[in-house]
Every structure is written in C-alpha cells, then in structure tokens.
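> dropping a prediction and its sequence here:
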Amino acid sequence: MIDLKFLRENPEIVKQNIRNKFQDHKLPLVDEVIELDTQRRATQQQADDLKAKRNTISKQIGALMGQGKKAEAEEAKKEVAAFGNELAELEKKQAELEEEVKKRMMIIPNIIDPSVPIGKDDSFNVEVQRFGEPVVPDFEIPYHTDIMEKLHGIDLDAARRVAGNGFYYLMGDIARLHSAVISYARDFMINRGFTYCVPPFMIRSEVVTGVMSFAEMDAMMYKIEGEDLYLIGTSEHSMIGKYIDQMVQEDTLPHTLTSYSPCFRKEKGAHGIEERGVYRIHQFEKQEMIVICKPEDSMEWYEKLWKNTVDLFRSLDIPVRQLECCSGDLADLKVKSCDVEAWSPRQKKYFEVGSCSNLGDAQARRLRIRVVGENGKYFAHTLNNTVVAPPRMLIAFLENNLNADGSVNIPLALQPYMGGMTVIKP
C-alpha cells in the first residue's frame, strides 16, 4: 500500500505506474481516492471546528453558572448536547470515508523501481545472468517421478487415494534426501548470519491482508472454517507478521530471519495440478529468508538475498540463472523481484525454484511496522526470498545428478546430511 500523501501529491505518477503494470482498469481508483480523501478531510475539519466550538461554550457554562445566569447556562448545555449528536454523525461519516479510501488504496499497486523492465506478463521477464554450465547428458533423462519411482521414493497413487491430486508420499532415500536438503539449507543460512525460526503455520486474516494482495490471497490461501485463521502459503507471511504493530529500534536493524515451514496452496487459477508431477502441488516444505531493514538498505539486501539462493544451488552442482521479473509479472505489493531458475537437462530449459522480492514499505505500512530512530519514526522495508523449496528443488537435483544407470550422485556438501551416502542406487 502506497503513502496516501504521495498519491494525493503525485496522482499522475501513480497512474503511470498502474499503466506500467497493465492494470488500466484500476486507473479510476486514483481519482476516487482523491475525492473521498477530500471529503474525509473536510469532514474531519468540520468535526474539529465543532469540537472547538463545543469546548468554548462548555467553558462559558461555568462562567454563566457563577454569575447566577442559570437559564442561559441551561440553554448553553442544550446547545452542547446538540453538538454531541452532530459530532457523532460527523465521526461516523469520517470513519466510513476512511474505510472507502482504505479499500481502494489496498488494491492500487505499489510504485515499482525504475530498473524494473516493462512488460505485460512473464514472457517479458529478462534473463540477467547464468551461474554454472548447463549440461545435457548423452543419455535420456526420465520424467522426475519416474526417477523417484525407480528409487522407490514416491507413491502418488496412495496420496491420490488419501487426499487427491496435488499430494504425494515421499519414501525411503528420496524422503531422506528431501529432509537433508531442508536441513542443509537451514545451516547454510545460519552460517550466513540469519536467525533460525520455526513460525506459526496458521495466521489471522489481518496478517494475510497485511502481507499480500487480495488476488494472491484468493488464489493461494486455505481458510480454516469457523475461525479467523488461514494456513500459510509461505512462511514469509508469518515471519513478517511477527512484527505487526511493533516499534523496532533503528539500532537493532537489520533483522534477518530464516525459517522452516510446511506450505499449503490452493493453486487456484494455475495451469492445473499435475497428476503425476510434484512441480505444482497443494502441500510442500520450504526454507525461507526475510529481512526487516532501513529503507536506504533494502536494495543492497535484495542483491544479497537472491545471491544466497544461487550460492546454495551451485553448492549442490545445479546450474541456475537469475531472471528479472517485468512490471506485469510483479504482485501488487512488490517494488522489484527476480526469480532464480534451475537448469532442467530433461526439458533443456530453466524453471523457477525460488523468488526474491523487495516490497519497500508496503507490508510495513499495512501491518504498522515502524522503526524508531534519531530522526523520528518511519516505516521499515521488508524483503523475502526462497532459500529452497523441495520437492520442486528435487526435480532439479535429481535431473542434474542422475547417472546413466539410474543412480543419483550426492554432492559433497549434502553427504553429511545423508549419513555419508555418496550415491542413491536403484
């Protein structure tokens, strides 16, 4: 959510930003907000004037009573009582106008960084750089679930009977590999100075609307019936939510956290839940990282965060690339975002395994996360990035470490987490 004062003073900048995000249907919202805010401020001024007048008359009542002018004092009391009714109506109107302004402000997109490429959808995303040499072996790479099944590592049929499509049972060495990757990612981030955190896996609606847009919420979140709780789609939501209504001391910044959690997603509007794949699923586990920092430091942290993911994947012998997200592919709260994509030897192309985002002060403004410093109070900046998210990451891992005989090499960095195992054999 952008600053209302900024919108009021720079309506054309806000409108151009909306055009740059190819959301022209939202253009009328800017003028609507300005008109409603004008009415709100006028109503507030009326209320303030009325309060001042009421205070003046209230003081006169005491003087009139002291002068024995009881009748005049009683008339003044009636006038003050009438002010009370009128003031109540004005305050009600002001609250209604504030709510209408807020509803519109919540769906006006954040101002994107000038460096973001302009494009309508993800087909306009721009490759920035590659890390590691993509290799296509001289033998055929099977589909990822076929690799897992030959290793007795997955049971999709049983999961379908129990929960339907979009779920899985991981078994044996593949299940162990899954846990090893999560544990390795945890220690990788701790070694980079992040504080490890296991957050709540459910959050209240106030946190949900504070960390994401309504469109994202509708497409992702599972609601707990009968309670004001949602299952998290990513742990960044509950980690950012940890700071709701908090005053953070400037000299303690930055706050850097890395978290483990299961994640639950409806995947509404996606291209469909694969029957045999584990690329797009309803339930998975993830290691995440978030940063709470000063505004002037957020772009520096953005660069650090996505590089953490690149370094982790390269330590596991997986080639990756950084892909800059264009304006039309940015969620409404994001200032700047990029994906880290892993190389798929089977498909001979890259696919997304992580996403890094700088949200400016949008989440902090919604959740009222303020920093207290020498020069007063201001909203913090928030950032998040995927460390690793198996089982999607396992697709890249298995394809890039597969041997012709169906065995899978375990990179040196992961071997301690696999009990010293160097290869998984069929």
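That came through, no problem. All values reported here derive from a predicted model rather than from experimental measurement.
> which elements pack onto the longest helix anywhere in the chain?
When the chain is parsed with DSSP state H, its longest helix is helix 27-66. Packed against helix 27-66 by the contact rule (3 or more C-beta pairs under 8 Å, 6 or more residues apart in numbering; DSSP states H and E) you find helix 4-9, helix 11-20, helix 70-105. Where you see a C-beta, it was placed from the backbone N, CA and C, and this is true even at glycine.
> repeat the analysis, applying 6 Å as the threshold.
helix 11-20, helix 70-105 (3 or more C-beta pairs under 6 Å, 6 or more residues apart in numbering; DSSP states H and E).
> in TSV: the ones you listed, plus mean pLDDT.
Shown next, in TSV, are the helices and strands packed on helix 27-66 (pLDDT from 0 to 100):
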stretch	mean pLDDT
helix 11-20	98
helix 70-105	83
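> check the ones you listed for me and report the most buried one.
helix 11-20 (a mean of 16; mean count of other C-beta atoms under 10 Å).
> how far does it sit from the chain's center?
Helix 11-20 sits 22 Å away from the centroid of its parent chain (C-alpha atoms, centre = their mean, to the nearest Å).
> with stretch 120-131 instead?
Counting by C-alpha atoms, centre = their mean, stretch 120-131 comes out at 20 Å from the chain centroid.
> same question for stretch 371-382.
21 Å.
> ok, now how distant is residue 167 from residue 128?
35 Å (C-beta to C-beta, to the nearest Å).
> who has more neighbours, the two?
A direct count of neighbours by other C-beta atoms under 10 Å for residue 167 and residue 128 places residue 167 higher, at 18 against 11.
> and the more buried one, that one's in a strand?
No: per DSSP: H, G, I helix; E, B strand; the rest coil, residue 167 lies outside any strand segment and is coil.
> skipping its backbone neighbours, what lies nearest it in space?
residue 159 (4.2 Å; C-beta to C-beta, 6 or more residues apart in numbering).
> tally of neighbours for the one you found?
Residue 159: 19 neighbours (other C-beta under 10 Å).
> which ones are touching it?
Residue 159 makes contact with 167, 168, 169, according to C-beta atoms under 6 Å, 6 or more residues apart in numbering.
> residue 29 too?
Contacts of residue 29 by C-beta under 6 Å, 6+ apart are 104, 108.
> what do you get if the cut-off is 10 Å, keeping everything else the same?
7, 14, 15, 18, 23, 103, 104, 105, 107, 108 (C-beta atoms under 10 Å, 6 or more residues apart in numbering).
> count the neighbours of the fifth one for me.
Pointing back at residue 23 there. 17.
> find the nearest non-adjacent residue to it, please.
residue 109 (6.4 Å).
> now the first one
The shortest distance from residue 7 to any residue other than its chain neighbours is 5.1 Å, reached at residue 14 (C-beta to C-beta, 6+ apart).
> now swap in the fourth one and tell me
Once its chain neighbours are removed from consideration, residue 18 has its nearest residue in residue 26; the separation is 5.1 Å (C-beta to C-beta, 6+ apart).
> the one you found: what's it in contact with?
14, 15, 17, 18, 19, 104, 107, 108, 109, 332.
> let's go with 8 Å and repeat that
18, 107, 108, 109 (C-beta atoms under 8 Å, 6 or more residues apart in numbering).
> pretty sure the residue nearest to residue 7 sits against residue 30.
Yes: using C-beta atoms under 8 Å, residue 14 is in contact with residue 30, at 5.3 Å.
> quick check: neighbours shared by those two?
Counting by C-beta under 8 Å, 6+ apart, the residues touching both residue 14 and residue 30 are 7, 108.
> send the alpha carbons of stretch 157-167 over as PDB?
Included here for stretch 157-167 are C-alpha records, laid out as PDB according to Å, rounded to 0.1, in the frame of the first residue of the first chain:
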ATOM      1  CA  ASP A 157      -1.300 -43.400  -6.200                       C
ATOM      2  CA  ALA A 158      -1.600 -43.800  -2.400                       C
ATOM      3  CA  ALA A 159      -1.600 -40.000  -1.900                       C
ATOM      4  CA  ARG A 160      -4.300 -39.600  -4.500                       C
ATOM      5  CA  ARG A 161      -6.500 -42.200  -2.600                       C
ATOM      6  CA  VAL A 162      -5.900 -40.300   0.600                       C
ATOM      7  CA  ALA A 163      -6.000 -36.700  -0.400                       C
ATOM      8  CA  GLY A 164      -6.500 -36.400  -4.200                       C
ATOM      9  CA  ASN A 165      -4.200 -34.800  -6.800                       C
ATOM     10  CA  GLY A 166      -1.500 -32.400  -5.700                       C
ATOM     11  CA  PHE A 167      -0.200 -34.500  -2.800                       C
END
